[in-house]
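A.B. asks: quick one, structure for this:
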Amino acid sequence: MQRQYRAFLVGSAALLLLASGGLLPAAAAAPPAKAPSATDLTGLWTNASYTKLQRPKAFKSLVVSPDEARAFEASLAKHHGVTAFGEDTVGQLDSEFSDSGDGLARIDGQIRSSWIVDPANGRIPYTPAGRKLLGLDDDDRYDNPEDLDASARCMTGNGSAPPQTSAMDANELQIIQTPNEVLLASEKNHDVRIIHLNQPRDPNRPASWAGESVGHWEGATLVVDTRGFREPVVDRFFLAYTKGAVIKERFTRTSPTQIRYLFTVTDPAVFSQPWRGEMVFNATTKPMYEYACHEGNYSLPSMLRAARLGRQPPPKPTAAPNPSSPKPTP
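C.D. replies: Residues are numbered from 1 along each chain as shown. Here you go, the predicted structure:
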(Lines give C-alpha, C1' and ligand atoms only; values in the text may rest on other atoms or scores of the structure.)
Protein backbone atom coordinates (compact mmCIF):
# COMPACT_ATOMS: atom_id res chain seq x y z
CA MET A 1 0.00 0.00 0.00
CA GLN A 2 2.85 2.42 0.89
CA ARG A 3 4.58 1.63 -2.43
CA GLN A 4 1.40 2.39 -4.39
CA TYR A 5 0.91 5.62 -2.47
CA ARG A 6 4.49 6.75 -3.19
CA ALA A 7 3.98 6.01 -6.89
CA PHE A 8 0.82 8.09 -6.84
CA LEU A 9 2.68 11.02 -5.24
CA VAL A 10 5.54 10.82 -7.75
CA GLY A 11 3.11 10.77 -10.69
CA SER A 12 1.12 13.68 -9.28
CA ALA A 13 4.26 15.74 -8.71
CA ALA A 14 5.41 15.15 -12.28
CA LEU A 15 2.08 16.36 -13.68
CA LEU A 16 2.17 19.46 -11.47
CA LEU A 17 5.71 20.22 -12.59
CA LEU A 18 4.79 20.00 -16.27
CA ALA A 19 1.71 22.14 -15.76
CA SER A 20 3.57 24.82 -13.79
CA GLY A 21 6.32 24.96 -16.41
CA GLY A 22 3.84 25.63 -19.18
CA LEU A 23 4.60 22.33 -20.90
CA LEU A 24 1.14 20.88 -20.22
CA PRO A 25 -1.63 23.47 -19.82
CA ALA A 26 -4.19 22.23 -17.33
CA ALA A 27 -7.12 23.08 -19.62
CA ALA A 28 -5.70 20.87 -22.39
CA ALA A 29 -5.26 17.75 -20.28
CA ALA A 30 -8.45 16.15 -21.73
CA PRO A 31 -9.16 17.12 -25.37
CA PRO A 32 -12.86 17.45 -26.17
CA ALA A 33 -14.47 14.46 -27.84
CA LYS A 34 -15.04 14.92 -31.56
CA ALA A 35 -18.48 14.44 -33.03
CA PRO A 36 -18.57 11.34 -35.25
CA SER A 37 -18.29 11.83 -38.99
CA ALA A 38 -21.48 11.43 -41.02
CA THR A 39 -19.83 8.52 -42.84
CA ASP A 40 -18.69 6.84 -39.61
CA LEU A 41 -21.14 4.11 -38.58
CA THR A 42 -18.74 2.58 -36.06
CA GLY A 43 -20.18 1.65 -32.70
CA LEU A 44 -22.63 -0.50 -30.81
CA TRP A 45 -26.25 -0.15 -31.93
CA THR A 46 -29.60 -1.72 -31.13
CA ASN A 47 -32.95 -1.93 -32.91
CA ALA A 48 -34.73 -3.45 -29.89
CA SER A 49 -38.33 -2.28 -29.98
CA TYR A 50 -41.93 -3.34 -29.48
CA THR A 51 -42.24 -2.53 -33.18
CA LYS A 52 -41.62 -5.61 -35.31
CA LEU A 53 -41.32 -6.33 -39.01
CA GLN A 54 -45.03 -6.94 -39.69
CA ARG A 55 -47.95 -4.91 -38.36
CA PRO A 56 -49.99 -6.62 -35.62
CA LYS A 57 -53.75 -6.90 -36.00
CA ALA A 58 -54.23 -4.36 -33.20
CA PHE A 59 -53.30 -1.54 -35.62
CA LYS A 60 -54.82 -0.43 -38.91
CA SER A 61 -52.18 2.09 -40.00
CA LEU A 62 -48.42 2.62 -40.05
CA VAL A 63 -48.54 5.66 -37.75
CA VAL A 64 -50.51 5.27 -34.51
CA SER A 65 -51.72 7.78 -31.95
CA PRO A 66 -50.14 8.18 -28.49
CA ASP A 67 -53.27 6.70 -26.89
CA GLU A 68 -53.13 3.63 -29.14
CA ALA A 69 -49.43 3.24 -28.42
CA ARG A 70 -49.87 3.47 -24.64
CA ALA A 71 -52.57 0.79 -24.63
CA PHE A 72 -50.50 -1.55 -26.80
CA GLU A 73 -47.29 -0.93 -24.85
CA ALA A 74 -49.02 -1.52 -21.51
CA SER A 75 -50.16 -4.99 -22.60
CA LEU A 76 -46.65 -5.99 -23.74
CA ALA A 77 -44.87 -4.42 -20.75
CA LYS A 78 -46.44 -7.07 -18.51
CA HIS A 79 -43.95 -9.56 -20.00
CA HIS A 80 -40.96 -7.34 -20.89
CA GLY A 81 -42.24 -6.53 -24.36
CA VAL A 82 -42.84 -10.13 -25.47
CA THR A 83 -46.15 -11.20 -26.98
CA ALA A 84 -47.93 -14.00 -25.14
CA PHE A 85 -48.92 -16.83 -27.48
CA GLY A 86 -51.55 -18.93 -25.77
CA GLU A 87 -51.33 -20.03 -22.14
CA ASP A 88 -47.92 -19.73 -20.51
CA THR A 89 -48.10 -22.69 -18.12
CA VAL A 90 -44.39 -22.82 -17.24
CA GLY A 91 -43.69 -19.11 -16.76
CA GLN A 92 -41.48 -18.82 -19.83
CA LEU A 93 -42.49 -15.22 -20.59
CA ASP A 94 -41.08 -13.96 -17.30
CA SER A 95 -38.22 -16.40 -16.74
CA GLU A 96 -36.45 -16.00 -20.08
CA PHE A 97 -34.27 -13.02 -20.99
CA SER A 98 -35.79 -10.61 -23.49
CA ASP A 99 -34.42 -7.56 -25.30
CA SER A 100 -37.45 -5.80 -26.74
CA GLY A 101 -36.75 -2.20 -25.80
CA ASP A 102 -39.24 -0.09 -23.90
CA GLY A 103 -41.94 0.72 -26.43
CA LEU A 104 -42.92 1.21 -30.06
CA ALA A 105 -40.38 2.88 -32.34
CA ARG A 106 -40.45 6.62 -32.93
CA ILE A 107 -39.26 7.78 -36.37
CA ASP A 108 -39.41 11.49 -37.23
CA GLY A 109 -41.71 11.95 -34.27
CA GLN A 110 -44.15 9.33 -35.58
CA ILE A 111 -45.05 6.22 -33.58
CA ARG A 112 -44.63 3.27 -35.94
CA SER A 113 -46.66 0.04 -35.79
CA SER A 114 -44.35 -1.95 -38.13
CA TRP A 115 -40.99 -1.74 -39.82
CA ILE A 116 -42.67 -2.47 -43.16
CA VAL A 117 -43.84 0.76 -44.81
CA ASP A 118 -44.86 -0.72 -48.18
CA PRO A 119 -47.29 -2.49 -48.78
CA ALA A 120 -49.59 -0.17 -46.90
CA ASN A 121 -51.01 -3.00 -44.78
CA GLY A 122 -47.60 -3.57 -43.19
CA ARG A 123 -47.55 -7.26 -44.11
CA ILE A 124 -45.15 -9.35 -46.22
CA PRO A 125 -46.73 -9.80 -49.70
CA TYR A 126 -46.24 -13.52 -50.25
CA THR A 127 -47.13 -15.25 -53.48
CA PRO A 128 -48.93 -18.62 -53.15
CA ALA A 129 -45.60 -20.24 -54.06
CA GLY A 130 -43.90 -18.23 -51.31
CA ARG A 131 -46.39 -19.39 -48.69
CA LYS A 132 -45.86 -22.96 -49.81
CA LEU A 133 -42.10 -22.51 -49.70
CA LEU A 134 -42.28 -21.38 -46.08
CA GLY A 135 -44.94 -23.94 -45.14
CA LEU A 136 -47.18 -21.20 -43.73
CA ASP A 137 -50.29 -23.24 -44.47
CA ASP A 138 -48.87 -26.66 -43.67
CA ASP A 139 -48.10 -27.81 -40.14
CA ASP A 140 -46.81 -31.14 -41.49
CA ARG A 141 -43.43 -29.52 -42.27
CA TYR A 142 -42.37 -30.37 -38.71
CA ASP A 143 -42.48 -34.01 -39.76
CA ASN A 144 -39.42 -33.65 -42.00
CA PRO A 145 -36.05 -32.23 -40.88
CA GLU A 146 -35.40 -30.94 -44.41
CA ASP A 147 -38.52 -28.78 -44.20
CA LEU A 148 -37.63 -27.10 -40.91
CA ASP A 149 -36.44 -23.53 -41.33
CA ALA A 150 -32.87 -22.49 -40.60
CA SER A 151 -33.87 -20.45 -37.55
CA ALA A 152 -35.45 -23.49 -35.91
CA ARG A 153 -32.08 -25.18 -36.24
CA CYS A 154 -30.25 -22.14 -34.74
CA MET A 155 -28.35 -21.62 -38.01
CA THR A 156 -29.59 -18.12 -38.83
CA GLY A 157 -31.69 -15.54 -37.09
CA ASN A 158 -33.09 -12.02 -37.18
CA GLY A 159 -30.24 -9.60 -37.54
CA SER A 160 -27.69 -12.12 -38.77
CA ALA A 161 -28.51 -11.60 -42.48
CA PRO A 162 -30.17 -8.86 -44.53
CA PRO A 163 -32.49 -7.20 -43.89
CA GLN A 164 -31.40 -6.35 -40.34
CA THR A 165 -34.71 -7.04 -38.59
CA SER A 166 -35.31 -7.27 -34.84
CA ALA A 167 -36.46 -10.05 -32.52
CA MET A 168 -37.40 -10.59 -28.87
CA ASP A 169 -33.75 -10.94 -27.86
CA ALA A 170 -30.14 -10.31 -28.95
CA ASN A 171 -30.78 -7.13 -30.93
CA GLU A 172 -27.34 -5.55 -30.69
CA LEU A 173 -25.23 -4.82 -33.74
CA GLN A 174 -21.57 -3.82 -33.73
CA ILE A 175 -20.38 -1.94 -36.81
CA ILE A 176 -16.68 -1.82 -37.66
CA GLN A 177 -15.28 0.07 -40.64
CA THR A 178 -12.09 -0.18 -42.65
CA PRO A 179 -11.24 1.69 -45.88
CA ASN A 180 -12.47 -1.26 -47.95
CA GLU A 181 -15.10 -3.01 -45.82
CA VAL A 182 -17.91 -2.45 -43.35
CA LEU A 183 -18.41 -5.31 -40.88
CA LEU A 184 -21.75 -5.93 -39.22
CA ALA A 185 -21.28 -8.19 -36.18
CA SER A 186 -24.66 -9.36 -34.98
CA GLU A 187 -25.32 -10.48 -31.43
CA LYS A 188 -27.83 -12.95 -32.85
CA ASN A 189 -25.98 -16.14 -33.81
CA HIS A 190 -22.72 -14.13 -33.48
CA ASP A 191 -22.61 -13.84 -37.28
CA VAL A 192 -20.34 -11.32 -39.00
CA ARG A 193 -21.53 -9.89 -42.29
CA ILE A 194 -18.86 -8.27 -44.49
CA ILE A 195 -19.86 -5.51 -46.91
CA HIS A 196 -17.17 -4.98 -49.57
CA LEU A 197 -16.87 -1.32 -50.61
CA ASN A 198 -16.36 -0.23 -54.23
CA GLN A 199 -15.48 -3.74 -55.34
CA PRO A 200 -16.95 -5.98 -58.06
CA ARG A 201 -18.74 -9.14 -57.10
CA ASP A 202 -16.71 -12.32 -56.88
CA PRO A 203 -17.99 -14.60 -59.68
CA ASN A 204 -16.55 -17.64 -57.88
CA ARG A 205 -18.16 -16.92 -54.51
CA PRO A 206 -20.56 -19.72 -53.53
CA ALA A 207 -24.15 -18.87 -52.67
CA SER A 208 -24.83 -18.50 -48.95
CA TRP A 209 -27.63 -17.85 -46.47
CA ALA A 210 -26.55 -14.22 -46.04
CA GLY A 211 -25.66 -13.64 -49.70
CA GLU A 212 -22.84 -11.43 -50.94
CA SER A 213 -23.00 -7.75 -49.98
CA VAL A 214 -21.25 -4.97 -51.90
CA GLY A 215 -21.60 -1.31 -51.07
CA HIS A 216 -20.62 2.26 -51.79
CA TRP A 217 -21.15 5.69 -50.28
CA GLU A 218 -23.67 8.13 -51.73
CA GLY A 219 -22.84 11.25 -49.76
CA ALA A 220 -23.43 10.33 -46.11
CA THR A 221 -25.42 7.17 -46.93
CA LEU A 222 -23.96 3.67 -47.18
CA VAL A 223 -25.80 1.89 -50.01
CA VAL A 224 -25.62 -1.92 -49.96
CA ASP A 225 -26.72 -4.42 -52.62
CA THR A 226 -26.96 -8.08 -51.57
CA ARG A 227 -27.61 -11.06 -53.82
CA GLY A 228 -26.22 -14.57 -54.29
CA PHE A 229 -28.51 -16.34 -51.83
CA ARG A 230 -28.38 -20.07 -51.58
CA GLU A 231 -31.01 -22.36 -53.08
CA PRO A 232 -33.49 -23.80 -52.61
CA VAL A 233 -34.47 -21.40 -49.85
CA VAL A 234 -33.17 -19.19 -47.09
CA ASP A 235 -35.80 -18.95 -44.41
CA ARG A 236 -35.78 -17.36 -41.01
CA PHE A 237 -38.79 -16.09 -39.12
CA PHE A 238 -41.25 -15.91 -42.02
CA LEU A 239 -38.68 -14.79 -44.61
CA ALA A 240 -37.73 -16.91 -47.60
CA TYR A 241 -35.45 -16.10 -50.53
CA THR A 242 -34.49 -17.85 -53.73
CA LYS A 243 -31.32 -17.40 -55.77
CA GLY A 244 -32.94 -14.52 -57.65
CA ALA A 245 -33.49 -12.39 -54.55
CA VAL A 246 -32.05 -8.86 -54.33
CA ILE A 247 -31.94 -6.86 -51.09
CA LYS A 248 -30.97 -3.18 -51.15
CA GLU A 249 -30.18 -1.27 -47.96
CA ARG A 250 -29.35 2.30 -47.00
CA PHE A 251 -27.59 3.23 -43.73
CA THR A 252 -27.54 6.96 -42.85
CA ARG A 253 -26.18 8.36 -39.58
CA THR A 254 -28.69 11.07 -38.71
CA SER A 255 -27.18 12.00 -35.33
CA PRO A 256 -24.40 10.88 -32.97
CA THR A 257 -26.86 8.41 -31.42
CA GLN A 258 -29.00 7.18 -34.32
CA ILE A 259 -28.78 5.49 -37.72
CA ARG A 260 -31.68 5.54 -40.19
CA TYR A 261 -31.99 2.18 -41.96
CA LEU A 262 -34.03 1.59 -45.13
CA PHE A 263 -34.33 -1.65 -47.07
CA THR A 264 -36.11 -3.08 -50.11
CA VAL A 265 -36.60 -6.82 -50.73
CA THR A 266 -37.26 -8.11 -54.26
CA ASP A 267 -37.84 -11.77 -55.13
CA PRO A 268 -40.68 -12.45 -57.63
CA ALA A 269 -40.55 -16.17 -56.84
CA VAL A 270 -41.60 -15.52 -53.23
CA PHE A 271 -43.18 -12.05 -53.06
CA SER A 272 -45.89 -10.53 -55.24
CA GLN A 273 -44.14 -7.14 -55.19
CA PRO A 274 -40.96 -5.54 -53.83
CA TRP A 275 -41.54 -4.57 -50.22
CA ARG A 276 -39.86 -1.85 -48.18
CA GLY A 277 -39.01 -1.24 -44.56
CA GLU A 278 -37.77 1.66 -42.45
CA MET A 279 -36.06 1.34 -39.07
CA VAL A 280 -33.79 3.15 -36.65
CA PHE A 281 -30.73 1.86 -34.82
CA ASN A 282 -29.97 3.62 -31.55
CA ALA A 283 -26.57 3.86 -29.91
CA THR A 284 -26.20 1.67 -26.82
CA THR A 285 -23.67 1.21 -24.03
CA LYS A 286 -24.91 -2.25 -23.09
CA PRO A 287 -22.40 -5.08 -23.56
CA MET A 288 -22.84 -7.61 -26.34
CA TYR A 289 -23.15 -11.17 -25.06
CA GLU A 290 -22.37 -14.51 -26.63
CA TYR A 291 -25.42 -15.95 -28.35
CA ALA A 292 -25.13 -19.71 -27.93
CA CYS A 293 -28.18 -21.26 -29.59
CA HIS A 294 -28.30 -25.04 -29.55
CA GLU A 295 -31.77 -26.01 -28.42
CA GLY A 296 -33.07 -26.17 -32.00
CA ASN A 297 -30.64 -28.99 -32.78
CA TYR A 298 -30.90 -30.73 -29.42
CA SER A 299 -34.69 -30.77 -29.53
CA LEU A 300 -34.99 -31.80 -33.18
CA PRO A 301 -35.73 -35.51 -32.42
CA SER A 302 -38.48 -34.50 -30.01
CA MET A 303 -39.95 -31.98 -32.48
CA LEU A 304 -40.12 -34.61 -35.23
CA ARG A 305 -41.53 -37.23 -32.88
CA ALA A 306 -44.24 -34.89 -31.62
CA ALA A 307 -45.24 -33.94 -35.18
CA ARG A 308 -45.56 -37.58 -36.19
CA LEU A 309 -47.51 -38.49 -33.08
CA GLY A 310 -49.82 -35.56 -33.77
CA ARG A 311 -50.71 -37.02 -37.16
CA GLN A 312 -51.81 -40.36 -35.75
CA PRO A 313 -55.52 -40.96 -35.17
CA PRO A 314 -56.62 -40.43 -31.57
CA PRO A 315 -56.89 -43.58 -29.45
CA LYS A 316 -60.28 -45.22 -29.30
CA PRO A 317 -62.09 -44.54 -26.03
CA THR A 318 -62.34 -47.51 -23.70
CA ALA A 319 -65.66 -48.47 -22.18
CA ALA A 320 -66.14 -47.34 -18.59
CA PRO A 321 -66.43 -50.23 -16.09
CA ASN A 322 -69.97 -51.20 -15.10
CA PRO A 323 -70.30 -50.74 -11.33
CA SER A 324 -72.96 -53.47 -11.22
CA SER A 325 -70.68 -56.09 -12.72
CA PRO A 326 -69.43 -58.71 -10.24
CA LYS A 327 -65.91 -58.13 -9.09
CA PRO A 328 -63.42 -60.84 -9.96
CA THR A 329 -62.62 -63.30 -7.22
CA PRO A 330 -59.08 -62.81 -5.93
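
A.B. asks: isn't Asp137 right up against Ala129?
C.D. replies: No: in this structure Asp137 lies outside contact range of Ala129 using C-beta atoms under 8 Å: 11.8 Å. C-betas here are computed from N, CA, C, even on glycine.

A.B. asks: what about those two, which has more around it?
C.D. replies: Ala129 (15 against 9; other C-beta atoms under 10 Å).

A.B. asks: on the three-state scheme, that one is what?
C.D. replies: helix (DSSP: H, G, I helix; E, B strand; the rest coil).

A.B. asks: what pLDDT is listed against the closest residue in space to it that isn't next to it in sequence?
C.D. replies: Nearest residue to Ala129, sequence neighbours excluded (C-beta to C-beta, 6 or more residues apart in numbering): Ala269, at 6.4 Å. pLDDT recorded at Ala269 is 91.

A.B. asks: how about the secondary structure of Ala269?
C.D. replies: Assigned by three-state DSSP, the conformation of Ala269 is coil.

A.B. asks: read off the pLDDT value for Gly109.
C.D. replies: pLDDT, read off for Gly109, is 93.

A.B. asks: hang on, Leu304 packs against Asp143?
C.D. replies: Yes: at 6.6 Å, Leu304 counts as touching Asp143 under the criterion of C-beta under 8 Å.

A.B. asks: okay, now the residue nearest to Ala129: neighbour count?
C.D. replies: Count around Ala269 with other C-beta under 10 Å applied: 15.

A.B. asks: residues contacting it?
C.D. replies: Shown in contact with Ala269 (C-beta atoms under 8 Å, 6 or more residues apart in numbering): Thr127, Ala129, Gly130, Thr242, Gly244.

A.B. asks: buried among those? Make that a PyMOL selection.
C.D. replies: Here is the PyMOL command that selects the buried residues among the contacts of Ala269 (16 or more other C-beta atoms under 10 Å):
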select buried, resi 130+242
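
A.B. asks: the residue nearest to Ala129 and Val224, how far apart?
C.D. replies: From Ala269 over to Val224 the distance is 22 Å, taken as C-beta to C-beta, to the nearest Å.

A.B. asks: in CSV: the contacts of Ala269, plus distance to Ser186 and pLDDT.
C.D. replies: Below are the contacts of Ala269 laid out as CSV (distance: C-beta to C-beta, whole Å; pLDDT from 0 to 100):
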residue, distance to Ser186, pLDDT
Thr127, 28, 94
Ala129, 29, 88
Gly130, 25, 88
Thr242, 23, 88
Gly244, 25, 91
